[in-house]
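*Asks:* Kindly return the folded structure for what I paste below:
(one chain, ligands or ions: 1)
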Amino acid sequence: MSVAKPGANILVIAGNIQTVPIGYISSCFSVKNGTPRQPAICGPSRAELQIQLSVFNNPEHALVGLEQYSHVWIIFLFHKNGHLRYKAKVRPPRLNGQRVGVYSTRSPHRPNALGLTLAKLDKIQGDTLHLSDIDMIAGTPVLDIKPYIPEYDSPDTRRSYEEDSEPCNSNTDQMNEDKRNLTNLPEGSDIDVQLNTEDRGAANDYVGNLLPEEKTNTNATGSSHISAQFSLSKDLSNVLEEVKAFVNQDVFLSSESKNRGSDSPKTKPPLLEVDHPCYGEEAYTTIAGWIREPPVASLDVRFSLHAERELAEFIPAHLSGLSESHRPRFKFLRSTEEAVAAIRGVLSADPRSVYRRTRCKDKLFFFTLDTADITCWFGQGFAEVLQVKPVEPHIASV
Ligand SMILES: C[S@@+](CC[C@H](N)C(=O)[O-])C[C@H]1O[C@@H](n2cnc3c(N)ncnc32)[C@H](O)[C@@H]1O
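*Replies:* From the prediction side, this is the model:
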């Protein structure tokens, strides 16, 4: 087992974390000089990333579903840092000589030379991602790709998402309402009708006449994926009937209508969109429909009286100076309400694996939160907390 040396670009550390590049950037920038310092600076900066055959037998399979997202996080190595040194304080060029802590900056010169770029995903062709808005030089080793999901990645959006998703049913109602509003469908309209492949093809042809950017992509599994782009500024009422045929496609559900914070790519109301706009066209984000409307329902969370009493016994973290030494103490949670909210959060999202959900659904479920060991069980549409015990001291101190 080797241990990472300061500045080393190889991530092999105690605990056997091994990392291999999944591909290498081929970009319009060949040297560091002149490469944008951040992705948003130079929109038309383009790159391609081909997933290595050495990582997956069928690299294109690893990209299935990613086409529904407009933006991706690229995690990469600054492999051309040159001198492998780093300092606790750096001088960002835009601070014009002033020194600040390396972790308050995006400096490439850091103990683990990892870069993080939010790139625009223009399209996917087989095993290759076509990106724009990048700040990486050609040859940059890429370690990972993750979809950009404002609901998870942008604090502003996360807040409104949490508000939206409670309760779960009203979220669905709201989405249906949104869909109706966008298409002027009367309330109670059958908005869940599914189109078969032939229907989609026909509808696609028709809308294609109206919408110049409409395209049919073939995804990695060879199945046909319809996408279309149109501007909301067009009079939607003229194309309602045609658009109605598209309402239930996944890609439609994947777009968002909320206004996002300034750090996030701007968002627009739902569009039928997969092949994303080019430089100069308005930027927005799209995500997979199942993120906002997952096929797994969120659960109602209950506490048994016994569990409620046990939880109330815990002393909140900031009151840990109190002398009641016999009572268990939280290390992080600051009140019983916070603990209840945390437990609700964990359980309402159903933390069980698919295996446990299907094969062991009658089994008790255990998890640890702060210094509490929690026991619960799951029924149809709910989770009930049965017991809240202090963790064993030797586990709590780990
Ligand atoms: C300031 S960094 C920011 C990168 C990323 N957005 C981040 O925040 O981690 C961007 C600069 O890193 C440099 N750079 C890009 N690719 C590199 C690589 N493979 N090795 C070393 N430096 C690189 C370029 O000079 C570019 O202007």
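
*Asks:* so where's the stretch 101-250 of the chain shaky on pLDDT?
*Replies:* 158-250 (pLDDT under 70).

*Asks:* and it, which residues reach the ligand?
*Replies:* With C-beta under 6 Å from any ligand atom as the criterion, the stretch 101-250 of the chain comes near the ligand at residues 106, 108, 115-117, 135-137, 140. In this view, the C-beta of every residue, glycine as well, is placed from N, C-alpha and C.

*Asks:* Now restrict the residues you listed to buried residues only.
*Replies:* For these, a neighbour count by 16 or more other C-beta atoms under 10 Å gives the buried set as 108, 115, 117, 135-137, 140.

*Asks:* Looking at the residues you listed, which is nearest Arg344?
*Replies:* Proximity of those to Arg344 was ranked by C-beta to C-beta; the top entry is Thr117 with 35.2 Å.

*Asks:* Could you tell me how far Pro295 is located from the ligand?
*Replies:* Distance, Pro295 to the ligand, by C-beta to the nearest ligand atom, to the nearest Å: 34 Å.

*Asks:* residues near that residue, how many?
*Replies:* By the criterion of other C-beta atoms under 10 Å, Pro295 has 5 neighbours.

*Asks:* for the top strand by length along the chain, which positions count as buried?
*Replies:* When the chain is parsed with DSSP state E, its longest strand is strand 114-125. Under the neighbour-count criterion of 16+ other C-beta under 10 Å, strand 114-125 has 114-115, 117-122, 124-125 buried.

*Asks:* Counting neighbours, what do you get for Gly379?
*Replies:* By the criterion of other C-beta under 10 Å, Gly379 has 12 neighbours.

*Asks:* Correction: the previous question concerned Arg110.
*Replies:* Arg110: 18 surrounding residues under other C-beta under 10 Å.

*Asks:* and what of Gly381?
*Replies:* 9.

*Asks:* Val31 too?
*Replies:* By other C-beta under 10 Å, neighbour count at Val31 equals 9.

*Asks:* Okay, and the nearest residue in space to it that is not next to it in sequence sits in which element?
*Replies:* Leaving aside its sequence neighbours, Val31 sits nearest to Ile137 (C-beta to C-beta, 6 or more residues apart in numbering; 6.4 Å). Under the criterion of DSSP states H and E, Ile137 resides outside all helices and strands.

*Asks:* And Ile137, how far from Arg85?
*Replies:* To Arg85, Ile137 is 20 Å away according to C-beta to C-beta, to the nearest Å.

*Asks:* Ile74 in helix, strand or coil?
*Replies:* With DSSP: H, G, I helix; E, B strand; the rest coil as the basis, Ile74 sits in strand.

*Asks:* That one reaches Val142, doesn't it?
*Replies:* Yes: look at Ile74 against Val142 with C-beta atoms under 8 Å: they come within range, at 5.9 Å.

*Asks:* And the two? Which one has more around it.
*Replies:* Ranked by neighbour count (other C-beta under 10 Å), Ile74 and Val142 place Ile74 first, with 26 against 23.

*Asks:* Who are the contact partners of the more buried one?
*Replies:* Shown in contact with Ile74 (C-beta atoms under 8 Å, 6 or more residues apart in numbering): 25, 49, 115-119, 131, 134, 136, 142, 144-145.

*Asks:* Look up the residues forming beta bridges with it.
*Replies:* In this entry, Ile74 is beta-bridged to Thr117, Ile145, by DSSP bridges.

*Asks:* can you tell me the helix or strand for the closest residue in space to Pro351 that isn't next to it in sequence?
*Replies:* Among residues not flanking Pro351 along the chain, Phe367 sits closest, at 6.7 Å (C-beta to C-beta, 6+ apart). Assessed by DSSP H and E, Phe367 sits inside strand 365-369.

*Asks:* got the contact list for that strand?
*Replies:* Contacts to strand 365-369, defined as C-beta under 8 Å, 6+ apart, come from residues 333, 339, 342-343, 346, 351-352, 356, 373-378, 383, 391, 395.

*Asks:* between the residues of the stretch 101-250 of the chain next to the ligand, which is nearest Thr157?
*Replies:* Set against Thr157, the nearest of these by C-beta to C-beta is Leu116 (18.1 Å).

*Asks:* what secondary structure does Thr358 sit in?
*Replies:* Using three-state DSSP as the criterion, the local structure at Thr358 reads helix.

*Asks:* residues near it, how many?
*Replies:* The tally of other residues near Thr358 (other C-beta under 10 Å) stands at 9.

*Asks:* and what of the one 5 residues further on?
*Replies:* A count of nearby residues for Lys363, using other C-beta under 10 Å, gives 11.
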